[in-house]
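> Quick one: sequence and predicted model below, then my questions.
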Amino acid sequence: MPNVLDEAATQPAPLLVFGPRSTTYDFGPSHPLTPRRFGPGISLLEALGAVPGLAPEPATDDELGWIHEDAYIEHVKLASRDASTPPRAGVGPGDTPRFDGMHEASAAVAGGSLRAMEAILRGDVEHAFHPGGGLHHAMPARASGFCVFDDPALAIARARRDDLRVMYIDLDVHHGDGVQAIHWSDPGVLTVSIHETGLALFPGTGFPEELGGGAAVGTKVNLPLDPGTGELGWLPALELALPALAERFRPEVIVSQHGADAHAFDPLAHLRVTTTAMGAAARLVDSLAHRWAGGRWLATGGGGYDVYRVVPRAWAHVWLAASHRDVPTTTPPEWRERWAADAERYGQAPMPEAFDDPPNAGLPYRAPDEAADARAIRISEEVVGEILEVLPAPA
Ligand SMILES: [Zn+2]
Ligand SMILES: [Zn+2]
């Protein structure tokens, strides 16, 4: 195994976005999107030599207003400071409950992705990674699916203010509906979301017929996969779609969302992807950033609810891809020991010894899984074929 610290010193490090406010985005102890994930997640990145270089601070109201309605921002502020605020605009009991300081915490997630994009646009860094970002369900006027303000959509909006063409790649198991909706009519934003079909999973959208509005038809791409699809369907579907779409669209910036909830162990969804495939997907995104976008690449986290076995390794794969470094054979023993008791307590033990998973995450590979994988590849071929008929090359 190479000495990770020596190797790190010779490679350009991506900007890691994490700070004290990251763990304040907290819906409470029984909510699945728990800030507990930052413990094992950031400590694994640090064991690889990563050092947080940008601490998220709240985006301004004006900046949030690029993508959210003013009345919605005001409502989040009210709910943030007053526990008696009636449920409204998606903020209330259920997926996205109010909490004290909700506005500042949510605006800070948005601010983290926004400042990272600005660092990329200035040329300070080629790549940035914001593990706490990726809140892709937030809509212009409502919270949804654990998401209050839509940080990837805001980072995209920032790049659009510089008139750059943006390709957004959403690898979360859930459809990236908020980002798609916010940039629905902008032909300068290509969104590509691969997800478990809305027939089986929240938010119930993300079908191939969703193509974008007006002059933007063909710039919204959706690859809905059957439950049970694993790495042998998911990764080839991406390898078919992403290079072909990038070649046609010619992005000048890439924003990607690396939700880890497509993993076989995830408790909220039904795909069977592995960390191995997630790493390969991150390397594919990196290669497209260099091929088409001058290296400009902002990666975010996203969902992921197995916070000991899966999320840290998924983040590590993104970090290593953005660092152009090989994946070490084994996870650090001290890291495993440090989090073993917590993993046990939350039913997510044992801590994994390798960054990569065994084939099919060690699960039996049955005929229905094989059928789902084959169908994923067909869906990708069909969707890409249809998109290339309607998506014009840039002038
Ligand atoms: Zn790179
Ligand atoms: Zn998700």
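Now that the structure is in, tell me what you want to look at. Residues are numbered from 1 along each chain as shown. Ligands and ions are numbered 1, 2, ... in the order given.
> beta partners for Ser256?
Ile169, Ala299 (DSSP bridges).
> Wait, it touches Trp297, no?
Yes. With contact defined as CB atoms under 8 Å, Ser256 counts as touching Trp297 (7.1 Å). Heads up, the C-betas are built off the backbone N, CA and C, glycines and all.
> How many residues are close by Ser43?
Neighbour count for Ser43, taken as other CB atoms under 10 Å: 16.
> next one: whichever strand or helix holds it to chain centre, how far?
Taking DSSP states H and E as the criterion, Ser43 maps to helix 38-47. The chain centre lies 17 Å from the centre of helix 38-47; the measure is CA atoms, centre = their mean, to the nearest Å.
> Any chance you could list what contacts it?
The contact list for helix 38-47 (CB atoms under 8 Å, 6 or more residues apart in numbering) reads 4, 16, 18, 22-23, 52, 131-132, 307-308, 311-313, 315-316, 319, 331-332, 334-335, 338-339, 342-343.
> related to what we said a few turns ago, which neighbours do Ser256 and Trp297 have in common?
With CB under 8 Å, 6+ apart as the test, Ser256 and Trp297 both reach Val285.
> Which PyMOL command selects the buried ones in the contacts of helix 38-47?
Here is the PyMOL command that selects only those of the contacts of helix 38-47 that count as buried (16 or more other CB atoms under 10 Å):
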select buried, resi 4+16+18+22+23+52+131+132+307+308+311+312+313+315+316+319+331+335+338+339+342+343
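> which bits of this structure sit near ligand 2?
Neighbours of ligand 2 within the chain, by CB under 5 Å from the ion: Asp172, His174, Gly259, Asp261, Gly303.
> which of those lies closest to ligand 2?
Gly303 (2.7 Å; CB to the ion).
> Flag every buried residue along the helix holding Ser43.
For helix 38-47, using 16+ other CB under 10 Å, the buried residues are Phe38, Gly39, Pro40, Gly41, Ile42, Ser43, Leu44, Leu45, Ala47.
> TSV for those, including pLDDT and distance to Leu242?
Below are these laid out as TSV (pLDDT from 0 to 100; distance: CB to CB, whole Å):
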residue	pLDDT	distance to Leu242
Phe38	98	29
Gly39	98	32
Pro40	98	29
Gly41	98	25
Ile42	98	28
Ser43	98	31
Leu44	98	26
Leu45	98	25
Ala47	98	30
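> so what's the residue nearest to the spatial centre of the chain up against?
Nearest to the geometric centre of the chain sits Gln257, at 2.2 Å (CA atoms, centre = their mean). Counting by CB under 8 Å, 6+ apart, Gln257 touches 133-134, 136, 152, 168-172, 176, 179, 299-302.
> at 6 Å what do you get?
Gly134, His136, Pro152, Asp170, Asp172, Thr300, Gly302 (CB atoms under 6 Å, 6 or more residues apart in numbering).
> Go through these and flag which are in strands.
Judged by DSSP state E, the contacts of Gln257 include Asp170, Thr300 as members of strands.
> What is the nearest of the contacts of Gln257 to ligand 2?
The nearest one, if we look at the contacts of Gln257 relative to ligand 2 and count by CB to the ion, is Asp172, at 4.1 Å.
> Just list the residues touching the closest one, thanks.
By CB under 6 Å, 6+ apart, the neighbours of Asp172 are Gln257, Gly259, Gly302, Gly303.
> Name the residues that touch stretch 196-207?
Val173, His174, His175, Asp177, Ser193, His195, Asn222, Pro224, Leu225, Pro227, Ala269, Leu271.
> can I get those in TSV with secondary structure, pLDDT and neighbour count?
Shown next, in TSV, are the contacts of stretch 196-207 (DSSP: H, G, I helix; E, B strand; the rest coil; pLDDT from 0 to 100; neighbours: other CB atoms under 10 Å):
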residue	secondary structure	pLDDT	neighbour count
Val173	coil	98	28
His174	coil	98	28
His175	coil	98	29
Asp177	helix	98	27
Ser193	strand	99	25
His195	strand	98	28
Asn222	strand	99	26
Pro224	strand	98	23
Leu225	strand	98	28
Pro227	coil	97	16
Ala269	coil	98	23
Leu271	coil	98	26
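> My guess is Pro52 contacts Val17. True?
No. Taking CB atoms under 6 Å as the definition, Pro52 is not a contact partner of Val17, at 7.2 Å.
> Reduced to three states, what does the spatially closest residue to Leu391 that is not a sequence neighbour come out as?
Closest residue to Leu391 apart from its sequence neighbours, by CB to CB, 6 or more residues apart in numbering: Gly218 at 3.5 Å. Of the three states, Gly218 takes coil under DSSP: H, G, I helix; E, B strand; the rest coil.
> what about the helices in the stretch 251-395 of the chain?
Counting by DSSP state H, counting those that start in this stretch, one finds helices in the stretch 251-395 of the chain at the ranges 275-292, 311-322, 333-345, 367-390.
> Against which helices or strands is the shortest one packed?
Read that as helix 311-322. Judged by 3 or more CB pairs under 6 Å, 6 or more residues apart in numbering; DSSP states H and E, the packing partners of helix 311-322 are helix 38-47, strand 127-130, helix 275-292.
> Mind putting the ones you listed into CSV with distance to His183?
Putting the helices and strands packed on helix 311-322 into CSV (distance: least, CB to CB, whole Å) gives the following:
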stretch, distance to His183
helix 38-47, 28
strand 127-130, 19
helix 275-292, 18
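> Nearest to Pro56, out of these?
strand 127-130 (7.6 Å; CB to CB).
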